[in-house]
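Trainee: Sequence isn't available, so here's the structure alone:
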């Protein structure tokens, strides 16, 4: 395949310098969300780190279609048009059709494998990157491994949840709808076939076009407009689908449209039920954290909360920074400040089906530190102060899902899903206690 050369842009995760990273997903069906950790035994997730599915055996059999007739049928579902074609998650390589995610065994069939020492355990609903299957010539595949099941598995037992291939890999690449990814590739050709992308980034001699169905379900075209660099153009398909969403056969992608719509409706309904039933007094321990409620200087908020609530507290976004946030997308790099110049450490979340300005969105993630001088209290009785210790947190909420012990600090993360968690970053070094903080993140679809 390749001696890999590419650029990771628009919040992509670069793992070139890492021996392997796990990102715990644990995604509930009513949300989309994540967090990253470079720790091997206690994976976490965050989109900006070194940067939110029940038929495994049958999915393996169907991921590769050797029949040319079946391949052509699966790549051109009659009901799909434009970007919908991409969301069949299919790609044809040298005449064989793959549906992402597919089993690692299919990579082995191509002559690629990972080393025995790299075959570590991947947690349930977790993806793993930084380990690349290589062939006898030393060429490797740019992939990320995905375990959508409810129990831990070895890397070699997982699926390929992200697959990237470029012109320099020397393969005949065909995308859904019969689109040829070859030396004639241009941004205009991509848009003519699949319509306007959700995100476009123009750099010096290249353009990236991203078509997104969800945070971890997208197709990205990286197209060089510089003729000398054209051979490095590539396409990346990422589909960290839940186990129940993985199709039984790759030919059924077009038939999934109706079930997908029904599932979205079901997810929204479940989300609504979950929100209406949650209250601090109704749960115990960690359950109380998953109400996502907090008292912020006496004001009770439930994350996600409309940014308008923080406007009432004097926070605003400059017009120049009030950029558009796509549907079911969160944005970073937008800062809300008050009259004193203090910033709100937050990420803005648009859980609706239409684009909105950041100021019209919700605060889907917020981080509050002792030094911010905020009187913060969480459901269950937690109060933020310099006296907070890991033991204090565990006495209220029990053992966390992930714990990382660093030089003078401990992080404790309680997870409900990829983008639904509460994280305590506790400094044990007395000189650093003012930086102790809490992060509440809850990106709920349909909110």
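Mentor: Here it is on my side, so go on. Since we're looking at a predicted model, the values are computed, not measured.
Trainee: Quick one: end-to-end distance for stretch 351-368.
Mentor: 22 Å (Cα to Cα, to the nearest Å).
Trainee: how about it: buried residues?
Mentor: Using 16 or more other Cβ atoms under 10 Å as the test for burial, stretch 351-368 gives 351-352, 356-368. C-beta here means a position set from N, CA and C on the backbone, and glycine is covered the same way.
Trainee: Next up, the contacts around residue 394.
Mentor: Neighbour list for residue 394: 400, 412 [criterion: Cβ atoms under 8 Å, 6 or more residues apart in numbering].
Trainee: Please report how far residue 167 lies from residue 139.
Mentor: 14 Å (Cβ to Cβ, to the nearest Å).
Trainee: Which one's more surrounded, those two?
Mentor: residue 167 (20 against 17; other Cβ atoms under 10 Å).
Trainee: List the contacts of the more buried one.
Mentor: 173, 181-183, 185, 230-234.
Trainee: can we see that at 10 Å?
Mentor: Neighbouring residues of residue 167 by Cβ atoms under 10 Å, 6 or more residues apart in numbering: 2, 173, 181-183, 185, 223-224, 230-235.
Trainee: again with residue 107
Mentor: Counted by Cβ under 10 Å, 6+ apart, residue 107 has contacts 98, 113-114, 133, 135, 141, 143, 145, 156, 160, 163.
Trainee: Which parts of the stretch 151-300 of the chain are helices?
Mentor: 187-194, 256-277, 286-289 (DSSP state H, counting those that start in this stretch).
Trainee: Could you tell me the least trusted of the ones you listed?
Mentor: Ranked by mean pLDDT, the helices of the stretch 151-300 of the chain bottom out at helix 256-277, with a mean of 40.
Trainee: Select from the contacts of residue 167 every entry located in strands.
Mentor: Counted as lying in strands by DSSP state E, out of the contacts of residue 167, are 173, 181, 223-224, 234-235.
Trainee: Please convert those to JSON lines, extending it with distance to residue 391, neighbour count and pLDDT.
Mentor: Formatted as JSON lines, the ones in strands among the contacts of residue 167 follow (distance: Cβ to Cβ, whole Å; neighbours: other Cβ atoms under 10 Å; pLDDT from 0 to 100):
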{"residue": "173", "distance to residue 391": "55", "neighbour count": "20", "pLDDT": "94"}
{"residue": "181", "distance to residue 391": "55", "neighbour count": "23", "pLDDT": "94"}
{"residue": "223", "distance to residue 391": "53", "neighbour count": "22", "pLDDT": "95"}
{"residue": "224", "distance to residue 391": "54", "neighbour count": "21", "pLDDT": "93"}
{"residue": "234", "distance to residue 391": "48", "neighbour count": "26", "pLDDT": "94"}
{"residue": "235", "distance to residue 391": "49", "neighbour count": "23", "pLDDT": "96"}
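Trainee: Which strand or helix spans the closest residue in space to residue 383 that isn't next to it in sequence?
Mentor: Using Cβ to Cβ, 6 or more residues apart in numbering and skipping the chain neighbours, the partner closest in space to residue 383 is residue 377 (5.2 Å). Following DSSP states H and E, one finds residue 377 within strand 376-378.
Trainee: so what secondary structure elements neighbour that strand?
Mentor: When contacts are defined as 3 or more Cβ pairs under 10 Å, 6 or more residues apart in numbering; DSSP states H and E, strand 376-378 sits against strand 293-296, strand 362-369, helix 390-397, strand 437-442.
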